[in-house]
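**Student:** Fold the following for me, if possible:
(chains A and B)
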Amino acid sequence: MINPLRSEADAFRFTLIVGVLLAPIALVAIIWSTGAALAVAGGLAIGLVVGLFVLKQDEPKEKMLLGRRLEDRGDGRYRILVVANETLSGRALREKISQRGHSGEAQLKVVCPALNSKIKHWTNEEDAAREAAGTRLQALLSGLRSEGFDADGDIGDDDPVQAMEDGLRRFPADEVIISTHPPGRSNWLERDVVKRARELTDITVTHVVVDLDREGAGPTPAT
Amino acid sequence: MESASIAAGAAHAHEHHGPPEAHKSSRIDSQLLGVLLFIISEAMLFGSFFTAYFFVRVVQNEPWPPDPFEFPVLVASMNTAILVSSSFTVHYALHSIKKGNRLGMQVGLVTTFLLGAMFLLTQINEYVKAGFAISDGAFASVFYGLTGLHGLHVFVGLTLLLIMIVRAYRGHFSPQAHMGVECAGIYWHFVDVMWIIVWSTVYLL
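**Tutor:** Down below sits the predicted model:
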C-alpha cells in the first residue's frame, strides 16, 4: 500500500482523489436529495473497494532498483550484503562468503536482524534483541576482518526482508546472501523470506543453509 | 533499520549513556514520519468531532439544520473552491523549488497564504451572519465545533505558510533542501481534505 502522505506530491494527489470522489456526492446532494447523495456515496465506496481489489490483482510486481548497477561499479570491487542472525557463526556461510570474494577484492556488509517476539516488538522492548544480534555480528565481523575482508555491519529490522531492503538502500550491493537454518527448522523459510527477497530485487539473492547441529557449533542463545 | 554501526558501536560501548540509538527506517524520512504521525492524530481529533456530528443527526432524526435555521451553502461552496485552489498553488510552490525556480515558490506560497486568509475571513464573516449562536442547541454546537476546529487548523496552516514565506524570501530553500515547504504543504493538503469532508457532510448531506 502506498502511503498517501509520503511526500507533498502524494498528499496533493490524495487531495485531488478525495475531491473527485466527493464531487458527484455534492452535486447529487445539491440537485436532488440527501438520501440520493448517501446512495451515491455508498455506491462509490463499494466501487472504490472493488476497483482497488481488482487493480491490486492485476498490478505487476515491480522489482525495486535496490542493488548496484553494473555501470556504477567504479572501484570494481564486488559488494555483498549478508543477511543472517543465528546462523552467523555457521561454517557454510563463511565458506560461501570466501567463495564469492577473496580478501581485499570484496566489500562486505552484514545485516543482522534484531529478532524479537511480536509482543516485545510492539512494546518497543528490543534492547535485548539488539544486544544479542550485536554480539553475533561482532563475532562474525572480527573473524572476517582477521581474514582481511573489508567488512562492517548493522543491526537490522526484525523482519529480515525489511532489514535487507534497508541494507540495500545504504549499501547498493551486487549480491545478497541470506543465511538460514535448514528447512523444517527455519522460521525465516516458513515466512518465505528468501522468496520475498527475490521478489523485491532483481540482483542475485543466494540462499545458504547452515546446519549448526551438523557443524557442531551450537547456536548462540536465541533472543 | 537500526543504523548503529557495529564498528563504531563497539568502540563506544562503554562510553554510551542514555537511551539506545533511534530506530530509523530507510523507507521514509524521519521528519516526514513525524508529520504523518501528527496528521494521523489530527485525523483522530476530527474523527471525534464527526462522531458527535453523526450522533446528533441520527439521534435527533430531524431536518438538518432544524427549522428555522439555514446554512449558507453557496458561501461555503465558494470557500471550498478557494481552499481547493490553494492546494494547487502550494503544489506549484513545491514543484517550483524542486526545479530551482525560487520566484515560482515565493509566488506559490504567497498566493496560497492569501487564499487561505480569504477562506478564514469568509468563514468569520459567515459566523457573524449565521443567525444562530453556539448555545442554540446541539446542532449549533456541532456546527461551530466542526467548522471552528477546521478554522483553527487553517490558522495553524497559515502560520506555517507565513514562516515558509519568510524563509523563502531569505533564501533558505533549494532544490535539494526544502523539507519545510514539503511538510507545510502536506499539512495544507490535510486541511484541504478535511474541509472537503466537513463541507460535504455538514453543508450538503
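
**Student:** Please make it C-alpha for all contacts and neighbour counts, starting now.
**Tutor:** Fine.

**Student:** Show me where the chain has its strands.
**Tutor:** No chain specified, so I'll use chain A. A:78-83, A:106-113, A:150-156, A:175-180, A:204-209 (DSSP state E).

**Student:** nope, chain B
**Tutor:** Using DSSP E, strands in chain B cover B:2-5.

**Student:** Which segments of chain A make up each domain?
**Tutor:** By the record's domain assignment, chain A is partitioned as A:8-58, A:70-215 (automatic domain parsing).

**Student:** Any idea which of those gets closest to B:Ala43?
**Tutor:** domain A:8-58 (14.2 Å; CA to CA).

**Student:** State the mean pLDDT of the closest one.
**Tutor:** For domain A:8-58, the mean pLDDT works out to 83.

**Student:** same question, stretch A:213-222
**Tutor:** Across stretch A:213-222, the average pLDDT comes to 59.

**Student:** so what pLDDT did B:Trp188 get?
**Tutor:** Confidence score, pLDDT, at B:Trp188: 94.

**Student:** Tell me which of the strands of chain A lies nearest to B:Asp192.
**Tutor:** Nearest to B:Asp192 among the strands of chain A is strand A:150-156; the distance by CA to CA comes to 37.8 Å.

**Student:** from the middle of its chain, how far away would that closest one be?
**Tutor:** With CA atoms, centre = their mean, to the nearest Å as the basis, strand A:150-156 stands 16 Å off its chain's centre.

**Student:** Listing request: residues of chain B with sub-threshold pLDDT.
**Tutor:** Confidence mapping of chain B against pLDDT under 70 gives the ranges B:1-28.

**Student:** One more pass at 50, please.
**Tutor:** In the predicted model, chain B carries pLDDT under 50 at residues B:1-14.

**Student:** For chain A, which segments are assigned as helices?
**Tutor:** All helices of chain A, identified by DSSP state H, fall at A:8-31, A:34-58, A:91-100, A:118-122, A:127-146, A:160-170, A:187-190, A:193-200, A:212-215.

**Student:** and if you look at chain B?
**Tutor:** So, for chain B - with DSSP H - the helices run B:6-11, B:30-60, B:73-98, B:102-129, B:138-169, B:179-198.

**Student:** wait, which of these is closest to chain A?
**Tutor:** Shortest distance between chain A and the helices of chain B, using CA to the nearest CA, is found for helix B:179-198: 4.9 Å.

**Student:** packing partners for the closest one?
**Tutor:** Judged by 3 or more CA pairs under 8 Å, 6 or more residues apart in numbering or on different chains; DSSP states H and E, the packing partners of helix B:179-198 are helix A:8-31, helix B:30-60, helix B:73-98, helix B:138-169.

**Student:** The longest one and chain A, any residue contact?
**Tutor:** By that I understand helix B:138-169. No: applying CA under 8 Å from any CA of the partner chain, one finds helix B:138-169 separated from chain A by no less than 14.0 Å.

**Student:** who does that helix touch, helix- and strand-wise?
**Tutor:** Packing partners of helix B:138-169 (3+ CA pairs under 8 Å, 6+ apart): helix B:30-60, helix B:102-129, helix B:179-198.

**Student:** Tell me which of those is the most buried.
**Tutor:** Ranked by mean neighbour count under mean count of other CA atoms under 10 Å in any protein chain shown, the helices and strands packed on helix B:138-169 are led by helix B:179-198, which reaches a mean of 23.

**Student:** Next, the angle helix B:30-60 makes with that helix.
**Tutor:** Orientation check (axes from the mean of the first three to the mean of the last three CA atoms, to 10 degrees): helix B:179-198 against helix B:30-60 gives 10 degrees.

**Student:** Tell me how far helix B:179-198 lies from the chain's centre.
**Tutor:** On CA atoms, centre = their mean, the centre of helix B:179-198 falls 4 Å from the chain's centre.

**Student:** could you check the angle helix B:73-98 makes with that helix?
**Tutor:** Orientation check (the same axes, to 10 degrees): helix B:179-198 against helix B:73-98 gives 160 degrees.

**Student:** and helix B:179-198 with helix B:138-169, angle?
**Tutor:** Using the same axes, to 10 degrees, helix B:179-198 lies at 160 degrees relative to helix B:138-169.

**Student:** what angle separates helix B:179-198 from helix B:102-129?
**Tutor:** 30 degrees.

**Student:** Helix A:8-31 and helix B:179-198, what's the angle between them?
**Tutor:** Going by the same axes, to 10 degrees, helix B:179-198 makes 20 degrees with helix A:8-31.

**Student:** Mind listing residues that contact helix B:179-198?
**Tutor:** Helix B:179-198 has contacts (CA atoms under 8 Å, 6 or more residues apart in numbering or on different chains) with A:5, A:7-8, A:11-12, A:15, A:18-19, A:22, B:32, B:35, B:39, B:80, B:83-84, B:87, B:90-91, B:94, B:146-147, B:150, B:153-154, B:157, B:160-161, B:164.

**Student:** center of chain A - which residue?
**Tutor:** The centre of chain A sits closest to A:Gln162, judged by CA atoms, centre = their mean, with a distance of 2.3 Å.

**Student:** What is the neighbour count of B:Ala168?
**Tutor:** Number of residues near B:Ala168 (other CA atoms under 10 Å in any protein chain shown) recorded here: 21.
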